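Enquirer: Below are the sequence and a predicted model for it; my questions follow.
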Amino acid sequence: MTSPSRAASRVAGNPAVRVLARVGLASIGVLHILIGAIALALAIGGLSSGGSGGGGGGGNADQSGALQALVAVPGGLFAVWLVIVGLVFLSLWQILVAIMSPRAGTRVTEIVKCVVYAALAVIAISIAMGGKQDASNSEKSMSARLLEMPGGVFVLAAIGIGIAVAGAVFIRNGVTHRFEKDMRLPPNRLATATRTLGRVGYVSKGVALIIVGGLVVAGAVTYDPEKAGGLDGSLKALLQIPFGPVLLILIALGLIAYGVFWCVRAVAARL
């Protein structure tokens, strides 16, 4: 083991670092539960309006919407700062894992996770400090800027394809139970329930990402950045199609299951 790997291993073995990394895992779970709850409210609103898409209350069904909903409840600001601490340490944990890993592919994957968690932490800090975030509008603005650039349509299409591929990987991991290799599960009913939550959650998250990726590609093909509105815009787009609210309810329940799975994973994961 090289010197950087040994140093990373010593830091990763610190009990406080490991506890804070688990707080980060639980934070991801809480965010997905909130996103699922917002999506469920949107779907129920869509059903009550006859599936016409007019029941759009309930906020944005994405990370920024979840954090803003959390701030709005009593004690929510404290919870958001706890989420921030968890996300920061979880992103640092991914760096440690990347340094300790002997495989280049794993290192790249862990660095990508680090960037994602760090970006979530930045969004959460902005919201905790009183800022207003609208991830859907930001993604539309970014898509519009890309479409104005030479060759930007190909970049936007590639991003959409990448998101859809990530969704397919989520579905594969859910169907093949790959997520279980990173967990310690005792042979009891809780383990069975956790596996079920993981399978349902991974497949649902995968379906949501495929929808997001598909709409981003559609936005590139049609030169329409309004279609590339991220997770919130994609889930709300389901309200415009026949049986869309019912599909949105299933995805929302799946996202809630995924969030609960991450909360269990915060306790049972192998770190």
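Expert: Cool, got the structure.

Enquirer: per-residue confidence at the most centrally placed residue in the chain?
Expert: Geometric centre of the chain, nearest residue: H32, 6.6 Å, by Cα atoms, centre = their mean. pLDDT recorded at H32 is 89.

Enquirer: Using the three-state scheme, assign it.
Expert: When classified by DSSP: H, G, I helix; E, B strand; the rest coil, H32 comes out as helix.

Enquirer: A208 versus that one, what's the distance?
Expert: In this structure, H32 and A208 are 10 Å apart, going by Cβ to Cβ, to the nearest Å. Any C-beta I mention is one placed from the backbone N, CA and C, and that applies to glycine too.

Enquirer: Let me see the ranges of the helices in this structure.
Expert: With DSSP state H as the criterion, the chain has helices at 3-12, 15-48, 63-71, 76-100, 104-128, 135-148, 152-176, 189-221, 230-237, 244-268.

Enquirer: Confidence-wise, which helix or strand of the protein is lowest on average?
Expert: None of the helices or strands of the chain scores lower by mean pLDDT, DSSP states H and E than helix 135-148, at a mean of 71.

Enquirer: correct me, but A157 touches A220?
Expert: Yes: the pair A157 / A220 is scored as a contact, 4.0 Å apart, by Cβ atoms under 8 Å.

Enquirer: who's more crowded, those two?
Expert: Ranked by neighbour count (other Cβ atoms under 10 Å), A157 and A220 place A220 first, with 25 against 18.

Enquirer: my read: Q63 touches L120, true?
Expert: Yes: counting by Cβ under 8 Å, L120 is a contact partner of Q63 at 5.8 Å.

Enquirer: Can you check which residues contact both of these two?
Expert: Counting by Cβ atoms under 8 Å, 6 or more residues apart in numbering, the shared contacts of Q63 and L120 are L31.

Enquirer: so where is the stretch 151-271 of the chain shaky, pLDDT-wise?
Expert: Across the stretch 151-271 of the chain, the ranges flagged by pLDDT under 70 are 185-189, 225-230, 271.

Enquirer: quick one: contacts for A124?
Expert: By Cβ under 8 Å, 6+ apart, the contact list for A124 reads L67, V80, V83, I84, L87.

Enquirer: Roughly how far does the residue lying closest to it once chain neighbours are set aside sit from C263?
Expert: Of all residues not flanking A124 in the chain, I84 sits nearest, at 4.7 Å (Cβ to Cβ, 6 or more residues apart in numbering). Distance, I84 to C263, by Cβ to Cβ: 17 Å.

Enquirer: ok so, going back, ok, now how distant is the closest residue to the residue nearest to the centre of the chain other than its chain neighbours from G201?
Expert: Of all residues not flanking H32 in the chain, G259 sits nearest, at 3.3 Å (Cβ to Cβ, 6+ apart). Distance of G259 to G201, computed by Cβ to Cβ: 7 Å.
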